[in-house]
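>>> Model the following, please.
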Amino acid sequence: MSPSMRPGRPTGGSCQWQIAAIVASALVAGGCAAAGSAPAAVVPRRPAAGSGTRPATKPPEPARPGFTVSGSVPVQPSPSQDTHAQDPAAVCRPQKFRRDEALGQATAVGFTFTGAPVSAVLLAHFLTGTGTAMHFGAGTLISREARASGAFHNLNRHIQAAVLSQLRAGTSQIRLTGSALRPIRFGLSTSSQDLYLGFRGTQGLDVRGTGTMTNRRYTGRLTYVIRDSYGFPPRDQLFGIGTAMRYLQADCGRPPAQGGAHWFPDSITVNVPFRHPK
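Model (predicted):
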């Protein structure tokens, strides 16, 4: 979650009322085959001797040249990756630790009840403090939501145009760089609460692809891996829990303190077709 993408105080919109309800609820929650005979097999006729006819044969498919696509924006170190070990002077006060941890756990339950199950899983994993990565593959719910979002549509349109431009220029090993590659932001206006609550401003992106070229078309597939660091940078708000989660991460996080929370890398994989005329 990029710190520049996190909101301070939300402004209008029905989605904000729904998310506000999440925090409010968190505070309150503390081979069978068909019968019948098979049709008789059809026996092909053999040509009469001396007729000179031969069984029809299908000509072999002509070899089709291929192309590849690659590009990457790595996740850079950021304040959302801060740990307790980076501030040895940080003190984890037991009462505040228990209070903030209970708030985080209740909020995760609230996320589930309000239709953001992936956000609930991410926050609960953050609170365990293991720091292990979480990856959501192509075809998962959050992957389908990402693919349907306007933010991803815009990214995919730019990437496909950049790939097509290089193909038409005669390049078969395409390397994406520069403005064509940029991390994606799932804003407050997105139709998926999970994308906003769990990811918001992402921090890295990988694009890979393969395909073939015929006389008329380019056909293949692109794979996007949307990468992020799930953590809470300074002055994070997240509708009232950001400051508490930051405390659990930076002041109480393990290691070395027993208990507390820890940031972790996460990602979403999205597959899309690539089909364009030459």
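>>> least trustworthy helix or strand in this structure by mean pLDDT?
The weakest-scoring helix or strand in the chain, judged by mean pLDDT, DSSP states H and E, is helix 14-29 (a mean of 49).
>>> what are the bridge partners for Tyr218, then?
Following DSSP bridges, Tyr218 is listed with bridge partners Met213, His276.
>>> That one touches His276, doesn't it?
Yes: counting by CB atoms under 8 Å, Tyr218 touches His276, with 5.0 Å between them. (Glycine included, C-beta is placed from N, CA and C.)
>>> Could you check which of these two has the larger neighbour count?
Neighbour count, other CB atoms under 10 Å: between Tyr218 and His276, Tyr218 has more, with 18 against 15.
>>> Show the contacting residues for that one.
By CB atoms under 8 Å, 6 or more residues apart in numbering, the contact set of Tyr218 is 67, 164, 167, 211-212, 274-278.
>>> Buried ones in the helix or strand following the least confident helix or strand of the chain, by neighbour count?
Per DSSP states H and E, helix 14-29 leads on to strand 66-73 as the next helix or strand towards the C-terminus. For strand 66-73, the buried set under the neighbour-count rule, 16 or more other CB atoms under 10 Å, comprises 67, 69, 71, 73.
>>> Tell me the one among these nearest to Val109.
Nearest to Val109, judged by CB to CB, of those is Val73 at 34.3 Å.
>>> What are the neighbouring residues in contact with the closest one?
Val73 sits in contact with 181-183, 204-206, where contact means CB under 8 Å, 6+ apart.
>>> need the strands for the protein, in chain order.
66-73, 134-136, 173-175, 204-213, 217-230, 264-277 (DSSP state E).
>>> Using JSON lines, lay out the ones you listed together with mean pLDDT and distance to Arg246.
Converted to JSON lines, the strands of the chain look like this (pLDDT from 0 to 100; distance: least, CB to CB, whole Å):
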{"stretch": "strand 66-73", "mean pLDDT": "96", "distance to Arg246": "25"}
{"stretch": "strand 134-136", "mean pLDDT": "98", "distance to Arg246": "20"}
{"stretch": "strand 173-175", "mean pLDDT": "96", "distance to Arg246": "38"}
{"stretch": "strand 204-213", "mean pLDDT": "96", "distance to Arg246": "22"}
{"stretch": "strand 217-230", "mean pLDDT": "97", "distance to Arg246": "13"}
{"stretch": "strand 264-277", "mean pLDDT": "97", "distance to Arg246": "15"}
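>>> got TSV for these, with distance to Pro88 too?
Supplementary listing: the strands of the chain in TSV, determined by distance: least, CB to CB, whole Å:
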stretch	distance to Pro88
strand 66-73	32
strand 134-136	28
strand 173-175	43
strand 204-213	29
strand 217-230	22
strand 264-277	22
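>>> Please report the distance of Thr212 from Asp206.
To Asp206, Thr212 is 22 Å away according to CB to CB, to the nearest Å.
>>> where does the stretch 51-200 of the chain dip in pLDDT?
Confidence mapping of the stretch 51-200 of the chain against pLDDT under 70 gives the ranges 51-63, 189-190.
>>> Out of the strands of the chain, which is closest to Phe152?
Minimum separation from Phe152 across these (CB to CB) falls at strand 264-277, 6.7 Å.
>>> which one of the contacts of Tyr218 sits closest to Asp251?
Within the contacts of Tyr218, the smallest distance to Asp251 is 47.2 Å, found for Phe274 (CB to CB).
>>> Enumerate every residue touching the residue lying closest to that closest one once chain neighbours are set aside.
In space, and not counting its chain neighbours, Phe274 is closest to Gly220: 4.4 Å by CB to CB, 6 or more residues apart in numbering. Gly220 makes contact with 67, 69, 209-212, 273-275 under the criterion CB under 8 Å, 6+ apart.
>>> Select from the contacts of Val73 the one having the most neighbours.
In terms of neighbour count, Leu205 stands highest of the contacts of Val73 at 23 neighbours, by other CB under 10 Å.
>>> who's that one bridged to?
Here Leu205, judged by DSSP bridges, has bridge partners Val73, Ile226.
>>> my read: it touches Pro183, true?
Yes: counting by CB under 8 Å, Pro183 is a contact partner of Leu205 at 5.3 Å.
>>> where do the contact lists of these two overlap?
Here Leu205 and Pro183 have 73, 226-227 as joint contacts, going by CB under 8 Å, 6+ apart.
>>> closest to Thr269 among the residues you listed?
The closest of the shared contacts of Leu205 and Pro183 to Thr269 turns out to be Ile226 (CB to CB; 7.7 Å).
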